[in-house]
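Chemist: predicted model and sequence follow; I will ask about them next.
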Amino acid sequence: MMKQRWIIPLAPALALFVSAAAPVLEREGAEDDSIAADAPVPARADIAPLVDALFSEEGVGETRAVLVMHNGELIAERYAPGYSADMRYISWSMAKTVTAMLVGFLVDDGVLDLDAPAPVPEWQGENDARRNITLRHLLHMASGLDHTEVNEPIWDSDTNRMLFSTETDDMAGYAVSRPLEANPGDKYEYSSATTVIIARIIADQLTDSDDPGERAAAYRHFAEQRLLGPARISSVYFEFDARGTQIGGSLIHATARDWARLGEVMRTGQGPDGTPIISSEWREFMLTPSPRNGEYGGQTWLNRPGGVYDNPVLFPDRAPQSLFAFNGHLGQYVMVSPAQGLTVVRLGNTPDGELREAVVMRLARIFEAFGQTTGETDSG
């Protein structure tokens, strides 16, 4: 019998087609701040039509929540009927950026080295070419491992095997077992399996225990201590597999306001009270184009030309190129423009393809409404 995941069991049918939204149980002792009020915030008059368009215009799928923050102030917030500020919303691949934030603390602490062989025991055989994979390669989606993110039929991909079918018990074990299809560092290939490996590496540095509950608890405690607590984020809910590995490529849940807070941490490097959280060096790494894909940094999408896809993932001709994003399946976005002091969250259920492109273009209008810069200089 398949073991049940730790923390949150997720039905495959729901996970495939519907973004999860669950009521929040606030962490005891969590502090209130300017975006923790119960009442929704109306949109500032000049962007209200742009926010409304994400809900009302045809061709954008289902929008469930939109928030806009400007220079740390929440200036717009709207939810679709049936959704609210006290619900958690699934990350899908927005989780990858959070996982990168967490592993950065271990790099800054000197526990991990970006360019040393990744600490994966299964790769350390004398004749195993995978021993040349570094943490940098993993963060840049350039490990060279034979991972397939999307395939036809839909079940025939590594991502769906890990999340929903034969490999759910030990996702990272499956991910690290795959052979190389390219030399490490030579090829960009987007892979949720890669980020699960990073999540296991994090847990391995935090505890020697093989007990799933202890591994999950150590991971959660680390996230609380280094990221969530200083950022005053109280709703984040992690999913772990049966081995206690956080499903770091796909499954983190949080309120829309806490997704905005995470975007603000990446915008400023700080918590809302000015407490330093993300070092400038790690933030620079995450936001620097990777060698094999100019649109991708360290588990983070960049508003840059020169990507590996036919069309830009974001909109480099319509907003500062310093803009970056946490992107997730079915139209989950936390878009951040440091040059404009903007963080914009859009959560919903929009299929990939033309509808997703329409959502991105409507989000671009919000950034265009603020001009090129209102805060730090765009380093472009």
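Modeler: Right, received. Where do you want to start?
Chemist: can you give the distance of stretch 160-174 from its chain's centre?
Modeler: Mean C-alpha position of stretch 160-174 versus that of the full chain (C-alpha atoms, centre = their mean, to the nearest Å) differs by 19 Å.
Chemist: residue 41: neighbour count?
Modeler: Applying other C-beta atoms under 10 Å, we find 19 residues neighbouring residue 41. In this view, the C-beta of every residue, glycine as well, is placed from N, C-alpha and C.
Chemist: excluding its backbone neighbours, what's nearest it?
Modeler: Excluding the flanking residues, the one nearest residue 41 by C-beta to C-beta, 6 or more residues apart in numbering is residue 77, at 4.1 Å.
Chemist: quickly run through the sheet partners of the strand or helix carrying residue 346, with directions.
Modeler: Element membership for residue 346, per DSSP states H and E: strand 342-349. In the sheet, strand 342-349 lines up against strand 62-70 (antiparallel), strand 332-337 (antiparallel) (DSSP bridges).
Chemist: for residue 317, grab the count of nearby residues.
Modeler: Using other C-beta under 10 Å, residue 317 is surrounded by 10 other residues.
Chemist: what does residue 328 give?
Modeler: Neighbours around residue 328, by other C-beta under 10 Å: 23.
Chemist: for the closest residue to it other than its chain neighbours, what are its contacts?
Modeler: Closest residue to residue 328 apart from its sequence neighbours, by C-beta to C-beta, 6+ apart: residue 92 at 3.4 Å. Applying C-beta atoms under 8 Å, 6 or more residues apart in numbering to residue 92 gives the contacts 19, 250-251, 328-330, 332.
Chemist: and the gap between residue 92 and residue 247?
Modeler: Applying C-beta to C-beta, to the nearest Å, the value for residue 92 to residue 247 is 11 Å.
Chemist: list the contacts for the nearest residue in space to residue 275 that is not next to it in sequence?
Modeler: Using C-beta to C-beta, 6+ apart and skipping residues adjacent in sequence, the residue nearest residue 275 is residue 230, 4.8 Å away. Listed by C-beta under 8 Å, 6+ apart, the contact set of residue 230 reads 271, 275, 277.
Chemist: please identify the helix or strand for the residue nearest to residue 328.
Modeler: Element membership for residue 92 (DSSP H and E) is empty, with no helix or strand holding it.
Chemist: where do the helices sit along the chain?
Modeler: When secondary structure is read from DSSP state H, the chain shows helices at 12-17, 48-56, 94-108, 135-139, 158-164, 171-177, 192-206, 212-223, 256-268, 280-286, 354-368.
Chemist: any chance of those in JSON lines, plus distance to residue 323?
Modeler: Below are the helices of the chain laid out as JSON lines (distance: least, C-beta to C-beta, whole Å):
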{"stretch": "helix 12-17", "distance to residue 323": "29"}
{"stretch": "helix 48-56", "distance to residue 323": "16"}
{"stretch": "helix 94-108", "distance to residue 323": "14"}
{"stretch": "helix 135-139", "distance to residue 323": "20"}
{"stretch": "helix 158-164", "distance to residue 323": "27"}
{"stretch": "helix 171-177", "distance to residue 323": "30"}
{"stretch": "helix 192-206", "distance to residue 323": "22"}
{"stretch": "helix 212-223", "distance to residue 323": "26"}
{"stretch": "helix 256-268", "distance to residue 323": "10"}
{"stretch": "helix 280-286", "distance to residue 323": "14"}
{"stretch": "helix 354-368", "distance to residue 323": "7"}
